[in-house]
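Enquirer: Take this sequence and fold it.
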Amino acid sequence: MLNESPRVRADLRRARRAVEAGRPAASLPAFTRALGLDPDCAYGWFFRAGVRALRGDAAGAAADLAALGRLPASTLVRYREFDAPSVRRYPGYLAAVEALLAKPRPPAWAYVLRAFALRESQRFAEAIAAVEQGAAAAPRDAGLRAILARVRFVNRFPKEGLADLRAAVRLDPSCGWIRAWLGEALRHRGEPDAALAQLEKAIALDPGYFRSFAWRGGIRGARGEHALAIEDFDRALSVDWSYCWAYRSGGREADPNLSWVFHERMRARRALGRTQAALEDLNRAHALNNRYVWIHNPGGEEAAFASADEELTRFLRGRPRHAWALAWRGWTRLEAGRTAAALADLDKAVASGVDRSWPLVWRGRALLALGRHAEALRDLSRAARTDPRYAPAWAWRGGLHRVLGDGARARADLSRAVSLDPVCAWAWAWRGEAELQRGALEDAVADLGRALTLDPANHDARLWRAESLRRLGRFEPAAADAEAASRQSPGSWRAWAALSLIRGESGDARGQRRCLDRALALAPEDARRLVEAA
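Expert: Sure, this is the predicted structure:
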């Protein structure tokens with residue numbers, strides 16, 4: 001069981017805030033107090049090792065990581081997960097960790113420290129390799145093997161991750177949180193019965209681990225056992241969340257799993273017809289992670305939008321002024337392309353005085369779609385002032401500046417957006433396109449590469465990267481991107497026109513003509529203008 005100490009949590013919070021404020025040396029006394037109170041505090045050993053490495057104390061960092069490696073796996077989630085100095089706040093941090101690993105016989109957990117820095121730098125393949133090195137250096141460490149499994153799952157290696165979790169369970173069959181992760185992995189694999197069996201064992205071994213209840217609630221909800229699912233989510237949410245700091249949004253600190261629990265409870269409440277309670281949960285989820293919305297409809301299916309719209313319309317018949325129902329119906333209608341109807345709902349929601357900026361952002365998007373740029377800029381700017389940590393406000397205002405041709409302001413706003421939400425693929429793509437427009441081609445390639453790592457299906461990002469590479473004279477990768485875009489969307493004249501330009505500049509006259517003919521057949525005027533402008 002976790003048995004976390006409030007005094008230790010308080011010291012860890014003080015230590016982390018000192019590091020975030022640029023005073024790493026000031027964090028060390030708080031870390032030392034925390035570890036004196038609880039020598040099993042893995043979070044403290046890991047984070048203090050990072051601070052010591054940053055300050056050039058390789059011996060101290062190695063000692064902390066060696067102490068971490070001696071802890072039982074069951075203690076590793078005490079005070080929740082791990083953290084380390086940010087490479088964005090401390091650009092020299094990665095080099096300091098590399099120096100630690102250059103010493104003879106570095107501790108296995110030093111590779112995990114390096115992986116954290118690499119992940120934050122968007123170097124995902126290297127991060128996986130670093131954790132693999134750590135696991136190889138300590139093959140009997142169940143916790144490290146489970147960390148490797150999680151890294152592989154996050155980076156789309158489910159088969160390998162599942163094998164790692166099974167190996168970790170064999171190494172330590174009594175560790176509840178590892179069994180919980182195995183259960184969640186099996187749930188994602190489509191094996192709910194096997195997942196539920198593991199989660200039941202996890203809860204019996206460690207009834208204080210909140211994720212076990214949350215993940216069991218997810219399975220129960222998917223099975224239609226909505227009342228039981230809500231009981232599990234309530235149990236997960238009964239945990240003292242004051243320790244959380246891993247994910248920041250709206251000026252508050254929270255764990256990303258907290259947003260998922262609110263979202264899943266929202267779905268269960270909706271299924272039981274508890275729309276008002278569901279709206280309250282959705283707003284909590286969206287405050288912590290803006291990807292959680294009223295309806296996830298990646299295919300843009302009209303029937304799905306219509307069903308979600310009708311659900312809120314039924315609710316509004318009895319409460320015609322319910323601000324958040326109006327706001328989310330406005331969002332639904334905006335996503336469905338019903339811009340005028342969305343604007344009417346969002347006008348009412350904003351007029352009601354909702355206490356967050358999201359309806360302003362959505363109204364700004366509607367106004368932008370209608371070409372009412374000055375009004376859209378007003379709403380998006382107000383939203384950024386109201387909720388300065390709400391990334392979509394900055395991202396959409398940056399997009400509006402792109403439309404208005406103000407590249408400097410577009411880059412500034414989009415940079416703010418991706419700093420707040422580093423996994424927002426479309427914001428990376430828009431910033432990459434802004435860099436392309438100003439001729440910063442290497443920066444454009446880097447940003448568009450991040451966008452495509454996060455969202456390989458982003459057609460525009462692939463074409464913008466193809467154009468950036470073409471201008472750099474790197475015709476082979478440029479052609480690869482344009483070909484991928486043409487396969488992804490065979491009816492895209494832009495993909496064929498881009499490929500025509502690349503073929504021509506690389507000396508392939510026949511390929512140029514063939515691709516140009518395809519582009520002209522699809523959109524004669526547009527393709528001709530694009531080729532002539534190039």
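Enquirer: May I have the helix or strand encompassing residue 374 exported as PDB, CA atoms only?
Expert: Residue 374 is part of helix 373-386 when elements are defined by DSSP states H and E. In PDB, the C-alpha atoms belonging to helix 373-386 read as follows (Å, rounded to 0.1, in the frame of the first residue of the first chain):
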ATOM      1  CA  HIS A 373     -11.400  38.400 -38.300                       C
ATOM      2  CA  ALA A 374     -11.500  41.400 -36.100                       C
ATOM      3  CA  GLU A 375     -14.200  39.800 -33.900                       C
ATOM      4  CA  ALA A 376     -12.400  36.500 -33.800                       C
ATOM      5  CA  LEU A 377      -9.200  38.200 -32.700                       C
ATOM      6  CA  ARG A 378     -11.100  40.000 -29.900                       C
ATOM      7  CA  ASP A 379     -12.500  36.700 -28.600                       C
ATOM      8  CA  LEU A 380      -9.200  34.700 -28.900                       C
ATOM      9  CA  SER A 381      -7.200  37.500 -27.200                       C
ATOM     10  CA  ARG A 382      -9.800  37.700 -24.400                       C
ATOM     11  CA  ALA A 383      -9.600  33.900 -24.000                       C
ATOM     12  CA  ALA A 384      -5.800  34.000 -23.700                       C
ATOM     13  CA  ARG A 385      -6.100  36.600 -21.000                       C
ATOM     14  CA  THR A 386      -8.800  34.700 -19.100                       C
END
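Enquirer: what's it packed up against?
Expert: Packed against helix 373-386 by the contact rule (3 or more CB pairs under 8 Å, 6 or more residues apart in numbering; DSSP states H and E) you find helix 358-369, helix 391-404. C-betas here are computed from N, CA, C, even on glycine.
Enquirer: Residue 20 is nearest to which of those?
Expert: helix 391-404 (18.5 Å; CB to CB).
Enquirer: Flag every buried residue along the helix holding residue 374.
Expert: By neighbour count on 16 or more other CB atoms under 10 Å, the buried set for helix 373-386 is 376, 377, 379, 380, 381, 382, 383, 384, 386.
Enquirer: pLDDT below threshold where in the stretch 151-300 of the chain?
Expert: 155, 240-257 (pLDDT under 70).
Enquirer: Kindly reformat the helices and strands packed on helix 373-386 as JSON lines containing distance to residue 293.
Expert: Formatted as JSON lines, these follow (distance: least, CB to CB, whole Å):
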{"stretch": "helix 358-369", "distance to residue 293": "10"}
{"stretch": "helix 391-404", "distance to residue 293": "11"}
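Enquirer: who wins for proximity to residue 25 among these?
Expert: helix 391-404 (31.6 Å).
Enquirer: Would you mind writing the CA trace of the closest one as PDB?
Expert: Coordinates of the C-alpha atoms in helix 391-404 are reproduced here as PDB (Å, rounded to 0.1, in the frame of the first residue of the first chain):
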ATOM      1  CA  ALA A 391      -3.200  26.100 -25.200                       C
ATOM      2  CA  PRO A 392      -6.000  26.200 -27.800                       C
ATOM      3  CA  ALA A 393      -6.500  30.000 -27.200                       C
ATOM      4  CA  TRP A 394      -2.900  30.700 -28.200                       C
ATOM      5  CA  ALA A 395      -2.900  28.100 -31.000                       C
ATOM      6  CA  TRP A 396      -6.100  29.400 -32.700                       C
ATOM      7  CA  ARG A 397      -4.900  33.000 -32.300                       C
ATOM      8  CA  GLY A 398      -1.700  32.000 -33.900                       C
ATOM      9  CA  GLY A 399      -3.700  30.400 -36.700                       C
ATOM     10  CA  LEU A 400      -5.600  33.700 -37.200                       C
ATOM     11  CA  HIS A 401      -2.400  35.600 -37.400                       C
ATOM     12  CA  ARG A 402      -1.300  33.200 -40.100                       C
ATOM     13  CA  VAL A 403      -4.400  34.000 -42.100                       C
ATOM     14  CA  LEU A 404      -3.800  37.700 -41.600                       C
END
